[in-house]
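Engineer: Sequence first, then the predicted structure, then my questions.
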Amino acid sequence: MKTLKDLITEIEACQLCADTLPLGPRPVFRVSATAILMIIGQAPGTRVHESGVPWDDASGERLRGWLGLTPDVFYDQARVAIMPMGFCYPGRAANGGDNPPRPECAPEWHAKLLPPLSGVRF
């Protein structure tokens, strides 16, 4: 069985759907074996793709407000794991919004990442 560190390295190097991503692969996620809260969103937008920080946009401000979490707590990897359905920015949709998350990511990575996150309770 791979270690969590090995899985993180593998995901960071993922090229599974690279040919379909307009900005190229840049998986954006944060996980830790000690995290007790798991937040699973859709996929990063362009701002998050650029910064590499999950929820680093207006939707993140709104989510932190709803949860009542300060940025310090929200981004404390030891407490909060952040894993999207699609790890990379999927591109722009014809209607002006973002495309849905790529279908390859969740089946490829979620089942591998969840077992080592044994501290997750919520």
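Structural biologist: Arrived safely. Keep in mind that what you see is a predicted model, and the values were worked out from it rather than measured.

Engineer: Could you tell me which ranges of the chain sit under the pLDDT cut-off?
Structural biologist: Counting by pLDDT under 70, the chain contains no low-confidence range.

Engineer: That one: helices as residue ranges?
Structural biologist: For the chain, the helices defined by DSSP state H occupy 4-12, 46-51, 58-67, 71-74, 105-113.

Engineer: Extract the C-alpha set from the second one and format it as CSV.
Structural biologist: To tie it back to what came earlier, the one meant is helix 46-51. This file holds the C-alpha atoms of helix 46-51, laid out as CSV (Å, rounded to 0.1, in the frame of the first residue of the first chain):
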residue,chain,number,x,y,z
THR,A,46,-8.8,29.9,-13.1
ARG,A,47,-7.9,31.9,-10.0
VAL,A,48,-7.3,28.8,-8.0
HIS,A,49,-5.4,27.2,-10.9
GLU,A,50,-3.1,30.2,-10.9
SER,A,51,-2.6,30.4,-7.1
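
Engineer: which ones are touching S59?
Structural biologist: G45 (CB atoms under 8 Å, 6 or more residues apart in numbering). In this view, the C-beta of every residue, glycine as well, is placed from N, C-alpha and C.

Engineer: quick one on the thing from earlier: just so I know, which of the helices of the chain lies nearest D98?
Structural biologist: Smallest distance to D98 across the helices of the chain (CB to CB): 8.0 Å, for helix 46-51.

Engineer: Okay, buried residues for that closest one please.
Structural biologist: Using 16 or more other CB atoms under 10 Å as the test for burial, helix 46-51 gives V48, H49.

Engineer: Just the residues contacting that helix, thanks.
Structural biologist: L23, R26, V28, P54, W55, D56, D57, G60, C88, Y89.

Engineer: How about stretch 103-122?
Structural biologist: The contact list for stretch 103-122 (CB under 8 Å, 6+ apart) reads 2-4, 7, 11, 14, 16-17, 31-38, 43, 81, 83-88.

Engineer: Farthest pair within the contacts of helix 46-51?
Structural biologist: Taking CB to CB as the measure, the contacts of helix 46-51 span a maximum distance of 18.8 Å, between L23 and G60.

Engineer: These two: which is more packed in?
Structural biologist: Taking neighbours as other CB atoms under 10 Å, L23 and G60 compare with G60 leading, 21 against 13.
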